[in-house]
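Novice: Sharing a sequence plus its predicted fold:
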Amino acid sequence: MPELVIRGARIRGAQGIVDVAVDDGVVSEVSPHIGGQAQNEIPAGGRLLAPGFVNIHCHLDKCLTSTWARVWDESRSGAPQAIPGATDIKRGFNETDIVERATRALNSSVLLGTTAVRAFADVDSVGGLLAVKSLLKVRQRFKGIADVQVVAFPQEGIVRDEGTEELLERAVELGADVIGAMPWYEKSHEASKKHLDVTFSLARKYDRDIHALIDDNSDPNSRNIEYLLVKASREGMKGRVAASHCRGGLDSPDEDYARRIYGLAKEAGLTVVENPHVSLFMYGRSDPHPVRRGVTRVKEFLREGVNVAIGQDDMDDPYYPFGRGDMLELAWLMCHAAHLGSLGEMESSFDMVTYNAAKGMRLPKYGVEVGDYADLVLLDAGSVHETLRLQPDRTAVLKRGRLVAETKSRRILYS
Ligand SMILES: [Zn+2]
């Protein structure tokens, strides 16, 4: 008999209800009925069983600082103004504090069904390697609970922040999984290109994927994504580059430019990451009406066959005062932010916090098929639409077949 059987679950794409067996942390059988009695059984009662949620963009070093109130006031608007405030706050961080906050944020995420997170750690002349070292400890602490990828992220730029190139290399040698980039923040087009040149040369040298925060502004001339994509295709990085935000020129009415980017993105196997919490909260603040929503061209990228994922990005930090690492909440919000209303589009939104994000992080054996890792979440609803609408309990969360979180809330209506 298998070690674990989840009985009577619904799985997307399958007819009726199924039993799912797990052995050695891997899904070993999916069928309408598995006979006998396993060592452990989880009665699913017709609930939806999905692969664990994946948060592909999250600043775990800055999260839960509750310091946003020092940065936001009526006179400030948008990311470029928030960054100096965030830089100040970072000067007060120490390792104990980062590890403790990141742990709390990850605990909250796991309780809400997340089993993999790409965690950004600032690497710059302000904090040096402090954030990377702290998040590498967190990655170790969460082994067997959640997969954590640590991104060495040049939050203050590379060209404009002297010494960062060397620090990035040191961060990768320490064990950072992914090279981050933020070329739009440099002071000139030449410096932005140099920024990406450094990123790609490190990625090639150390065989790492790239996650760039790209064109995170409303400047129609901010078009770094083009250079990113051309380099990804030319330099052997197809399928290994993710790009968050993707606004700048894409947030303008220049359709010719946008069409060119769709083609380049497809060719490069790009994962576009939209962070709807932060986009709706941060952007368009200085617009006269009509106010832009700050969301990238989600529907168009989807239509063109580009992989689109959702990230939390910020969580109770100088950029964004809310967020709890709830990827289901983000998928629900994405339906609003990107006008996804049909059942098929809702399924797409759900894919953005599961399969698409897993593809972006290149997580192996992801899914609910035989041979996949049993990283699973049991949702207290029967379909994707119901799950998005009701935002139900995450009844059980499994990592490699081991129960890592449960929620059993009790509601009583006296009528
Ligand atoms: Zn971010």
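Specialist: Happy to help now that I have it.

Novice: how far is stretch 5-14 from where the chain is centred?
Specialist: The chain centre lies 26 Å from the centre of stretch 5-14; the measure is Cα atoms, centre = their mean, to the nearest Å.

Novice: how about that stretch: buried residues?
Specialist: 5-12 (16 or more other Cβ atoms under 10 Å). Every residue, glycine included, has its C-beta placed from N, CA and C.

Novice: Contacts made by that stretch with the rest, please.
Specialist: 17-22, 30, 34, 38, 40-50, 347, 350, 368, 376, 378, 382-384 (Cβ atoms under 8 Å, 6 or more residues apart in numbering).

Novice: Strands - which of these land there?
Specialist: Secondary structure from DSSP state E places 18-22, 30, 40-43, 48-50, 376, 378 of these in strands.

Novice: Strand partners (parallel or antiparallel) of the helix or strand hosting Ala9?
Specialist: Assigned by DSSP states H and E, Ala9 falls within strand 4-9. Strand 4-9 sits in its sheet next to strand 18-23 (antiparallel), strand 40-43 (parallel), going by DSSP bridges.

Novice: Quick one: mean pLDDT for the last one?
Specialist: Right, the one you point to is strand 40-43. Regarding strand 40-43, the rounded mean pLDDT is 97.

Novice: From the chain's centroid, how far away is that strand?
Specialist: Computed by Cα atoms, centre = their mean, the separation of strand 40-43 from the middle of its chain amounts to 30 Å.

Novice: swap in the longest one?
Specialist: Offset of strand 18-23 from its chain centre (Cα atoms, centre = their mean): 28 Å.

Novice: Report the buried residues of that strand.
Specialist: Result for strand 18-23 [16+ other Cβ under 10 Å]: buried residues 18-22.

Novice: Let me know the closest of those residues to Leu130.
Specialist: Nearest to Leu130 among the buried residues of strand 18-23: Val22, at 38.8 Å, using Cβ to Cβ.

Novice: quick revisit: buried among the contacts of stretch 5-14? Need that as a selection in ChimeraX.
Specialist: The ChimeraX selection below is limited to those of these classed as buried (16+ other Cβ under 10 Å):
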select :17,18,19,20,21,22,30,34,38,42,44,47,48,49,50,347,350,368,376,378,382,383,384
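
Novice: how about the strands paired with strand 4-9, which one is nearest Pro392?
Specialist: Taking the strands paired with strand 4-9 one by one with Cβ to Cβ, strand 40-43 is closest: 16.1 Å.

Novice: Quick one: residues in contact with that closest one.
Specialist: Residues from elsewhere that reach strand 40-43 (Cβ under 8 Å, 6+ apart): 3-8, 378, 396, 403.

Novice: ok, now stretch 203-214?
Specialist: Residues from elsewhere that reach stretch 203-214 (Cβ under 8 Å, 6+ apart): 56-57, 118, 120, 151, 153, 172-173, 176-184, 196, 199-200, 202, 224-225, 228, 232, 235-237, 240-246, 248, 273, 362.

Novice: if you set the cut-off to 7 Å instead, what comes out?
Specialist: Outside of stretch 203-214, the residues within contact range by Cβ atoms under 7 Å, 6 or more residues apart in numbering are 118, 151, 172, 177-184, 199, 224-225, 228, 235, 237, 240-246, 362.

Novice: and the end-to-end length of that stretch?
Specialist: Taking Cα to Cα, to the nearest Å, the first and last residues of stretch 203-214 lie 17 Å apart.

Novice: Could you do stretch 4-17 as well?
Specialist: Stretch 4-17 has an end-to-end distance of 17 Å (criterion: Cα to Cα).

Novice: Now that stretch: average pLDDT?
Specialist: Per-residue scores along stretch 4-17 average to 95.

Novice: can you give me the helices for the stretch 101-250 of the chain?
Specialist: Listed in chain order, the helices of the stretch 101-250 of the chain (DSSP state H, counting those that start in this stretch) span residues 130-141, 164-174, 189-206, 224-234.

Novice: which secondary element of the chain has the worst mean pLDDT?
Specialist: helix 68-71 (a mean of 68; mean pLDDT, DSSP states H and E).

Novice: JSON lines for the buried residues of strand 18-23, including distance to Asp313?
Specialist: What follows is the buried residues of strand 18-23, written out as JSON lines (distance: Cβ to Cβ, whole Å):
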{"residue": "Val18", "distance to Asp313": "35"}
{"residue": "Asp19", "distance to Asp313": "37"}
{"residue": "Val20", "distance to Asp313": "32"}
{"residue": "Ala21", "distance to Asp313": "37"}
{"residue": "Val22", "distance to Asp313": "32"}
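
Novice: For Ala331, state which of the residues you listed is nearest.
Specialist: Set against Ala331, the nearest of the buried residues of strand 18-23 by Cβ to Cβ is Val20 (22.2 Å).

Novice: What residues are bridge-paired with the closest one?
Specialist: Judged by DSSP bridges, the bridge partners of Val20 are Ile6, Val30.

Novice: that older thread, which among the strands paired with strand 4-9 is found nearest to Asp372?
Specialist: Comparison of those against Asp372 by Cβ to Cβ identifies strand 18-23 as nearest, at 10.0 Å.

Novice: quick one: the strand ranked longest in the chain to helix 164-174, angle?
Specialist: Using DSSP E to define each element, the chain has its longest strand at strand 114-122. Following axes from the mean of the first three to the mean of the last three Cα atoms, to 10 degrees, one obtains 140 degrees for the angle between strand 114-122 and helix 164-174.

Novice: neighbouring strands for strand 114-122, and are they parallel or not?
Specialist: For strand 114-122, pairing defined by DSSP bridges yields strand 53-58 (parallel), strand 147-153 (parallel).

Novice: Same list (these) but as a markdown table, adding mean neighbour count, mean pLDDT and distance to Asp97.
Specialist: Formatted as a markdown table, those follow (neighbours: other Cβ atoms under 10 Å; pLDDT from 0 to 100; distance: least, Cβ to Cβ, whole Å):
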| stretch | mean neighbour count | mean pLDDT | distance to Asp97 |
| --- | --- | --- | --- |
| strand 53-58 | 29 | 98 | 17 |
| strand 147-153 | 26 | 98 | 17 |
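
Novice: how about the spatially closest residue to Ala309 that is not a sequence neighbour, phi and psi?
Specialist: Nearest residue to Ala309, sequence neighbours excluded (Cβ to Cβ, 6 or more residues apart in numbering): Ala357, at 3.9 Å. Here is the backbone geometry of Ala357 (degrees, to the nearest 10): phi -70, psi -40.

Novice: Count the residues that sit near Ala357.
Specialist: The number of residues packed near Ala357 is 30, by other Cβ atoms under 10 Å.

Novice: Run through the residues that contact it.
Specialist: So Ala357 contacts 54, 56, 309-310 (Cβ under 7 Å, 6+ apart).
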